[in-house]
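Enquirer: Need a 3D model of the following:
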Amino acid sequence: MAELLLIVRFAGQRLALKAADIEAVVEIETLTPVPRAAAHVSGLASLRSRVLTVIDCAASLDPAARLPDDCREAVVAVLDGHPYALLVEAVEDVVEGSSSEETLAGLSSSSWARITKGLVEADGDLLLLLDLAAILSGARAEAA
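Expert: Prediction:
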């Protein structure tokens, strides 16, 4: 089935999100830290009079990894009525692709398996399709 995909990059990989799940692509200007927050929560930011929980996608994949402090490009999504900004290394493009939401066997890391739904074909490349809810929950979900 063909659908629009947003291509992003983090942890050295090109990855895809369903464009229908994305509200906006923004540059985070001011980030307010949240004491005692989970490792993948970078802080809070405001956007158009809303407070967004800012998630470091690299730290969600691996709590020991973090995006560089100068990475401020983010993808805004709403899940269960709560707005989030997902920090990524880069947002590349919106493209048409076809997806297969099947369990992926043989991924080199259980962390990648935890945050993906399947594979998508976009512009002749096979990319992992990210699971928005899994990224937002962070690595704690894997440990639980």
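
Enquirer: distance of Ile28 from Ser98?
Expert: Going from Ile28 to Ser98 by Cβ to Cβ, to the nearest Å gives 31 Å. For the C-beta atoms, the positions are set from N, CA and C on the backbone; glycine is no exception.

Enquirer: out of these two, which sits in the busier spot?
Expert: Ile28 (19 against 12; other Cβ atoms under 10 Å).

Enquirer: How far does stretch 117-136 sit from its chain's centre?
Expert: 10 Å (Cα atoms, centre = their mean, to the nearest Å).

Enquirer: Give the buried residues for that stretch.
Expert: Buried residues in stretch 117-136, counting neighbours by 16 or more other Cβ atoms under 10 Å, are found at 117, 119-122, 127-132, 134-136.

Enquirer: now swap in stretch 18-33 and tell me
Expert: Under the neighbour-count criterion of 16+ other Cβ under 10 Å, stretch 18-33 has 18, 22, 25-26, 28, 31 buried.

Enquirer: where along this structure do the strands fall?
Expert: 2-10, 13-18, 22-27, 41-47, 50-56, 73-79, 82-87, 90-100, 116-122, 125-130 (DSSP state E).
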